[in-house]
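Student: here are the coordinates; sequence isn't available:
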DNA sequence: AGCGATATATCGCCGTACTATACATAAGGG
DNA sequence: CCCTTATGTATAGTACGGCGATATATCGCT
């Protein structure tokens, strides 16, 4: 029984996760939700009330583009990442990497990361 | 010239950072700010308007305790972590670790982490 | 026909962090 | 001795974004 993350912890990296899964393929909202849930082994469950407004915001910001398509048998809104989105993603990956290293360094400093116990 | 992190990225891990630096010593606000700034090589600069309300909140939640002391020559408000705070910290470290691994796994999956290039 | 899963959308609440501002003391330089 | 800079704490107002609740609709299965 894996428990969920504190929601606040994910703030600021939700964009990163969504842009990531869109970086190599087109997806619709529900599928994005699933991808992220699976990739995190069920630990990151984006609620619909979070995901859809987020997608709309990213579209307003021209990071992603959408089109309705029912050629797969069901009417779904498919999203693609844009060139701006890719740039943004690259920047966010850099930021994330750098920031997580900062946190790790801090945890090391105060001995909360016993070296290879 | 190191640029700052997007503030949103740090939301949800500020508590973790503050509790961390308090885990092995007593500190006053300004010193906490400095510790975190130094440990992050100047990249994480907690504004006073963020830090002090945060400390007050953590104290309300009994994660830390405070006392005024001027025996070091200057009147400062010193903070200590409580037993609850330590428990909370341990939990947050676990959460952080697990979450950052999720993000890394996701970045790997979509090829945003070229293996040992 | 009924139901669970799929699929998208929006409203209003709430928590958190930031900006701006305020005040006070100490140290260092002119 | 004043002026500036650094130290040190504090809060009111504001902005932002995630979430729960709610709504609607279709699809596949029984």
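Tutor: Nice, I can see it. Predicted, not measured: the structure shown is a model, and the values here were computed from it. Numbering: from 1, shown residues only, chains lettered A, B, ... in the order given.
Student: Alongside chain B, which residues does chain A contribute?
Tutor: Contact residues (CB under 8 Å from any CB of the partner chain) of chain A with chain B: A:5-13, A:16-17, A:20-21, A:23-24, A:36, A:39-41, A:43-44, A:89, A:92-93, A:95-96, A:98-100, A:102-103, A:105-107, A:109-112. No exception for glycine: its C-beta is placed from N, CA and C like everyone else's.
Student: how about 7 Å then?
Tutor: A:5-6, A:8-13, A:17, A:20-21, A:23-24, A:39-40, A:43-44, A:93, A:95-96, A:98-100, A:102-103, A:105-107, A:109-112 (CB under 7 Å from any CB of the partner chain).
Student: Pull out the buried positions in stretch A:56-71.
Tutor: Applying a neighbour-count criterion of 16 or more other CB atoms under 10 Å in any protein chain shown, one finds A:58, A:59, A:63, A:64, A:66 buried in stretch A:56-71.
Student: Now do the biggest helix by length in chain A and helix B:83-109, the angle between them.
Tutor: Using DSSP state H to define each element, chain A has its longest helix at helix A:83-109. Angle, helix A:83-109 to helix B:83-109, by axes from the mean of the first three to the mean of the last three CA atoms, to 10 degrees: 140 degrees.
Student: Output the contacting helices and strands for helix A:83-109.
Tutor: The elements that helix A:83-109 packs onto, with contact taken as 3 or more CB pairs under 7 Å, 6 or more residues apart in numbering or on different chains; DSSP states H and E, are helix A:14-21, helix B:7-10, helix B:14-22, helix B:29-39, helix B:83-109.
Student: rerun that using 10 Å as the cut-off
Tutor: Applying 3 or more CB pairs under 10 Å, 6 or more residues apart in numbering or on different chains; DSSP states H and E, we find helix A:83-109 packed against helix A:14-21, helix A:48-60, strand A:64-69, strand A:76-81, helix B:7-10, helix B:14-22, helix B:29-39, helix B:83-109.
Student: Relative to the whole chain's centre, how far out is it?
Tutor: Helix A:83-109 sits 13 Å away from the centroid of its parent chain (CA atoms, centre = their mean, to the nearest Å).
Student: Briefly note if that helix comes near DNA strand D.
Tutor: No - counting by CB under 7 Å from any atom of the strand, DNA strand D is not contacted by helix A:83-109; separation bottoms out at 12.0 Å.
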